[in-house]
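# Show me how the following folds:
(chains A and B)
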Amino acid sequence: KNEVEQSPQNLTAQEGEFITINCSYSVGISALHWLQQHPGGGIVSLFMLSSGKKKHGRLIATINIQEKHSSLHITASHPRDSAVYICAVKSPTSTQGGSEKLVFGKGTKLTVNP
Amino acid sequence: NAGVMQNPRHLVRRRGQEARLRCSPMKGHSHVYWYRQLPEEGLKFMVYLQKENIIDESGMPKERFSAEFPKEGPSILRIQQVVRGDSAAYFCASSPQRGWRETQYFGPGTRLLVL
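The predicted model follows:
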């Protein structure tokens, strides 16, 4: 079982629909990231969360630390939102020399049709 | 302020050749991470470096792979004697310092194809 699980794997929506992508993780974390990978392959960091909720434009990210779960919401979806959305977690650094590595989910491929 | 730069963007090598992938972090960033994305798979951590130091190489294959981040110049991921299974997208990310609050900024990636 992967440490980070995303659902759904694939999602097709009509323009204007409200989108939710889910991420569950099984390890203790210090932070959770949502990333966007466009068809061209470039990766953009959307959010970094350690608690609560963050909003940027039409994107909203929430995290529930107790339930080890995060969601990414897109309101009023648009074809340009079509991309792969990736959840990644960072484990706490227990020592000064500890790792800063991210552990990634497999991604959710979102297609928004006009 | 230029973002993270990687070159080349595409690299074709024949089996047995060497591949050198370069990553220039964002200005002011001294922490570099390398990740690999195999076809149809998720991103996987390879190595985390600070200037002149390897901090965590737990994701690096034991043989043929090495990484460095010298005091001057870009970080280099080197793959010796490439095999077809090395074909993947290699992404570099950087951050200004360590710590859980730090966002990692990703480069555009290098797509390596081994013939």
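# how far away is B:Ile55 from B:Tyr48?
5 Å (Cβ to Cβ, to the nearest Å). Every C-beta, even on glycine, is put in place using the N, C-alpha and C of the backbone.
# Quick check: phi and psi at the residue nearest to the spatial centre of chain B.
Taking Cα atoms, centre = their mean, the centroid of chain B lies closest to B:Trp34, which sits 3.5 Å from it. B:Trp34 has phi and psi values of phi -110, psi 140 when expressed as degrees, to the nearest 10.
# and it, what does it touch?
By Cβ atoms under 8 Å, 6 or more residues apart in numbering or on different chains, B:Trp34 lies in contact with B:23, B:45-49, B:67, B:75, B:77, B:90-92.
# A:Ala83 too?
A:Ala83 neighbours (Cβ under 8 Å, 6+ apart): A:36-39, A:110.
# What is the burial count for the residue nearest to the residue nearest to the centre of chain B when sequence neighbours are not counted?
Excluding the flanking residues, the one nearest B:Trp34 by Cβ to Cβ, 6 or more residues apart in numbering or on different chains is B:Met46, at 4.3 Å. Neighbourhood size, B:Met46 [other Cβ atoms under 10 Å in any protein chain shown]: 22.
# on that earlier part again, between B:Ile55 and B:Tyr48, tell me which one has more neighbours.
Legend: neighbour count by other Cβ under 10 Å for B:Ile55 and B:Tyr48, higher for B:Tyr48 (27 against 18).
# Strands along the chain, start to end?
No chain was given, so I picked chain A. A:4-7, A:10-14, A:19-25, A:31-37, A:43-49, A:52-56, A:59-64, A:69-74, A:83-90, A:102-104, A:108-113 (DSSP state E).
# Hmm, no, I was thinking of chain B.
Going by DSSP E, chain B shows strands at B:5-7, B:10-13, B:19-24, B:31-37, B:43-50, B:53-56, B:65-68, B:75-79, B:88-95, B:105-106, B:110-114.
# Tell me, what's the model's pLDDT at the residue in chain A that chain B sits nearest to?
Nearest residue of chain A to chain B (Cβ to the nearest Cβ) works out as A:Ser30 at 3.6 Å. Confidence at A:Ser30, expressed as pLDDT, is 81.
# before we move on, what about A:Asn2?
72.
# got it, and B:Ser75?
97.
# How many residues are close by it?
Count around B:Ser75 with other Cβ under 10 Å applied: 22.
# That one touches B:Ala67, doesn't it?
Yes - B:Ser75 is within contact range of B:Ala67, at 6.8 Å (criterion: Cβ atoms under 8 Å).
# which residues of chain A score low on pLDDT?
Where chain A drops to pLDDT under 70, the residues are A:1, A:92-100.
# how does it look with 80?
Within chain A, the ranges that satisfy pLDDT under 80 run A:1-2, A:27-28, A:40-41, A:91-101.
# what's the burial count for the nearest residue to A:Gly41 once chain neighbours are set aside?
Leaving aside its chain neighbours, A:Gly41 sits nearest to B:Gly109 (5.4 Å; criterion: Cβ to Cβ, 6+ apart). By other Cβ under 10 Å, 25 other residues sit near B:Gly109.
# residues in contact with B:Gly109?
The contact partners of B:Gly109, taken as Cβ under 8 Å, 6+ apart, are A:41-43, B:6, B:9, B:37, B:89-92.
# ok, now B:Met26?
By Cβ under 8 Å, 6+ apart, B:Met26 lies in contact with B:1-4, B:94, B:96, B:105.
# What residues does chain B have near chain A?
Listed as neighbours of chain A in chain B under the rule Cβ under 8 Å from any Cβ of the partner chain: B:31, B:33, B:35, B:41-45, B:48, B:55-56, B:58-59, B:89, B:91, B:95, B:98-106, B:108-109, B:111.
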